[in-house]
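Undergrad: give me the fold of what follows.
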Amino acid sequence: MKKLITLKQLLSIRQQCQRQGATLVWTNGCFDFMHAGHVDYLQRAKKCGDLLVIGLNSDRSMKILKGATRPICSQQHRAQVLAALSVVDNIIIFDDSSPIEIIKKLQPDFYIKGGDYSIDSIDQNERRAVESYGGKIIILPEVKGISTSGIIQKIKKYY
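TA: Residues are numbered from 1 along each chain as shown. I've put the predicted structure just below:
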């Protein structure tokens with residue numbers, strides 16, 4: 001998985017982008033198991049800039065955010081699926097509940113969140129960090145009717 005990289009590698013890629021005048025798009029999430037809503041979201045995020053970097057919640061981070069029954073798929077498997085998507089350029093796994101420290105160091109041109117968030121419901125520390133260096137925050141509309149939680153509920157109900 002050449003797309004799965006370290007922070008040091010990511011910061012080097014960021015410097016290359018800046019030298020070349022390319023824009024870096026950042027989004028992060030759990031991506032517990034991929035579905036059409038994720039794919040659509042990532043395709044639209046990629047169109048916002050030149051390089052799409054995914055901050056992927058580690059297994060530990062997901063347990064903190066989603067509870068003891070998550071993740072369903074391991075971080076390695078989630079990274080493998082993301083890496084298979086042509087729109088994804090790089091992936092970095094983070095262990096904290098927020099990738100704030102990565103965002104502060106990376107300073108992506110675009111910080112993307114899905115439509116299940118609003119400017120007021122995103123992590124406000126992340127928001128302040130992005131705004132502090134002049135990055136742009138974009139909230140992409142969500143795909144209605146498809147979510148990881150919804151799929152889990154459907155599986156629980158019928159199986």
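
Undergrad: let me see the contact set for residue 30.
TA: Residues near residue 30 by C-beta atoms under 8 Å, 6 or more residues apart in numbering: 56-57, 62, 65-66, 70-71, 78, 148. Every C-beta, even on glycine, is put in place using the N, C-alpha and C of the backbone.

Undergrad: should've said residue 105
TA: The contact partners of residue 105, taken as C-beta under 8 Å, 6+ apart, are 7, 11.

Undergrad: only the buried residues of the helix or strand it falls within, if you could.
TA: Element membership for residue 105, per DSSP states H and E: helix 100-106. Buried residues in helix 100-106, defined by neighbour count with 16 or more other C-beta atoms under 10 Å: 100, 102-103, 106.

Undergrad: kindly reformat the residues you listed as TSV containing distance to residue 137.
TA: As requested, these are exported to TSV (distance: C-beta to C-beta, whole Å):
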residue	distance to residue 137
100	14
102	16
103	11
106	14
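
Undergrad: redo these as CSV? Include pLDDT and distance to residue 45.
TA: Shown next, in CSV, are those (pLDDT from 0 to 100; distance: C-beta to C-beta, whole Å):
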residue, pLDDT, distance to residue 45
100, 97, 19
102, 98, 17
103, 98, 15
106, 98, 15
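
Undergrad: nearest to residue 12 among those?
TA: The closest of those to residue 12 turns out to be residue 106 (C-beta to C-beta; 11.1 Å).
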